[in-house]
Structures are given as C-alpha cells and as structure tokens.
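>>> Please work out how this folds:
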Amino acid sequence: MKKLFRDAEVNWRVESHREASVREVLEDPERAGEDEAAQAVGTVTLLAGGVMHQLNLLGGEIWKLCDGTLDRKGVVGRLMALFEVEEQTLAADVDLFLEEMMRKGLIHER
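Take a look at the predicted model:
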C-alpha cells in the first residue's frame, strides 16, 4: 500500500490551546449543542506557498499521521481510537480530506 507524506516544504504548527478547547467541548455531553461550532475550529495551521490553511480537529489529526509510516487504512485505524464514529464514515471523511490535500499538493501518496 502507498504511504502518506506531508509536503516537506509546508510549515505547520499545532494550535494546542484550540485543540484542547475543541476536545473539551466534544468530550462533555452537556455541551453537545456546541459540537458543530467546535468542529469548525482550526487546530492545526499550515503555511504553504504564502497561503495559510486552518485544519479542524479531524483534519489536523490526519495531517499529523501523514508522516510516511501509514497508508490510508492505517490512518483510519489510528483515528478509530480517537473518534466515536462508524469506520465507513470515518474512511470516507479521510478520503475526502486526503483528496483535497493532494489536489493542493500538500500531501503525497507513494
């Protein structure tokens, strides 16, 4: 299987304070009404070719896993431990994200 790699030219950072806030909302059943807004918060910032990209929690987790050690199935497997969602749904979301990032030249599969 082909492994997933982040483009080495992309500068990126994890927005730790934002990530912690999003996780707090998603893990607190009493804050269920805030889920949708929390999922839109950027937790990883990319700077590529003078363009800034903000990735939400799922996108940020996928980005972090694209270090050349995993293929798509491996990424989905790792994410299953972090998110309570059906594997089919998660795999489809991962595929959509990866296709968009590959189209932008930010992630490569080889």
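>>> Show residues contacting the lengthiest helix in the chain.
Assignment by DSSP state H gives helix 87-103 as the longest helix of the chain. Residues from elsewhere that reach helix 87-103 (CB atoms under 8 Å, 6 or more residues apart in numbering): 4, 58-59, 62-63, 72, 75-76, 79-80, 83, 107-109. Every residue, glycine included, has its C-beta placed from N, CA and C.
>>> all helices of this structure, in order?
Secondary structure of the chain (DSSP H): helices at 16-27, 35-39, 57-65, 72-80, 87-103.
>>> Distance to Ala48 added to those helices, as TSV?
Formatted as TSV, the helices of the chain follow (distance: least, CB to CB, whole Å):
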stretch	distance to Ala48
helix 16-27	19
helix 35-39	23
helix 57-65	12
helix 72-80	20
helix 87-103	10
